[in-house]
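Trainee: okay, structure incoming, though there's no sequence with it:
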C-alpha cells in the first residue's frame, strides 16, 4: 500500500513536469496571464506530488500546507539577489527552478493549484484515508 502510494505520487510528479514544460514552451497561444500563472500552478503541483511521495503517512492537509509554504518560500527567495544567483536565474534551469522575479500573482496561483490537487488527491486518490467521510487527512 505504501509503495503504491509512493509510485502513484512519483508517476504524477513525472507527468506534471512535461505538462508544465509544454504549458510554458509549446506554442499553445495562451493569453500571457494564463501562460505565466498556469506554469506557476504546474510548479506548485509538482512540489505537492514530491511531498506526497516523500511523506507517505502525512495527511492531505499537511502535504498541502508544506507545498504552499515551500512554494511561497521559493517565491520570496526571488527577492534575495546575489550576482551568482542572478546569473543562475538567467539560465533555463534557473528560470525553471527558482524563477526570476517575485510575483504576488504566483503566490495566488500556487495556493489555488495546491488546493485543487490536494482535493483531487483526497477525494479520488486517497479515499481510504477518510475518517467519518469528512476529515482532510
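Mentor: That came through fine. Nothing here was measured: the structure is a model prediction, and the numbers come from that model. Numbering: from 1, shown residues only.
Trainee: so who does the most centrally placed residue in the chain touch?
Mentor: Nearest residue to the geometric centre of the chain (C-alpha atoms, centre = their mean): residue 44, 1.7 Å. Neighbouring residues of residue 44 by C-beta atoms under 8 Å, 6 or more residues apart in numbering: 67-68, 71, 109-111, 113-114. Heads up, the C-betas are built off the backbone N, CA and C, glycines and all.
Trainee: ok, now with 10 Å
Mentor: Each residue near residue 44 by C-beta atoms under 10 Å, 6 or more residues apart in numbering is listed here: 16, 20, 64, 67-68, 70-72, 74-75, 106-107, 109-117.
Trainee: what does residue 80 give?
Mentor: 86, 98, 102.
Trainee: SS state for it?
Mentor: coil (DSSP: H, G, I helix; E, B strand; the rest coil).
Trainee: same question, residue 30
Mentor: coil.
Trainee: any idea how far it lies from residue 37?
Mentor: Using C-beta to C-beta, to the nearest Å, residue 30 is found at 10 Å from residue 37.
Trainee: more neighbours: those two, which one.
Mentor: residue 37 (18 against 14; other C-beta atoms under 10 Å).
Trainee: picking that back up, for the residue nearest to the centre of the chain, pull up the helix or strand it's in.
Mentor: helix 32-54 (DSSP states H and E).
Trainee: so how far is the helix or strand following that helix off the chain centroid?
Mentor: Later in the chain than helix 32-54, the nearest helix or strand by DSSP H and E is helix 60-77. Relative to the mean C-alpha coordinate of its chain, helix 60-77 is positioned 8 Å out (C-alpha atoms, centre = their mean, to the nearest Å).
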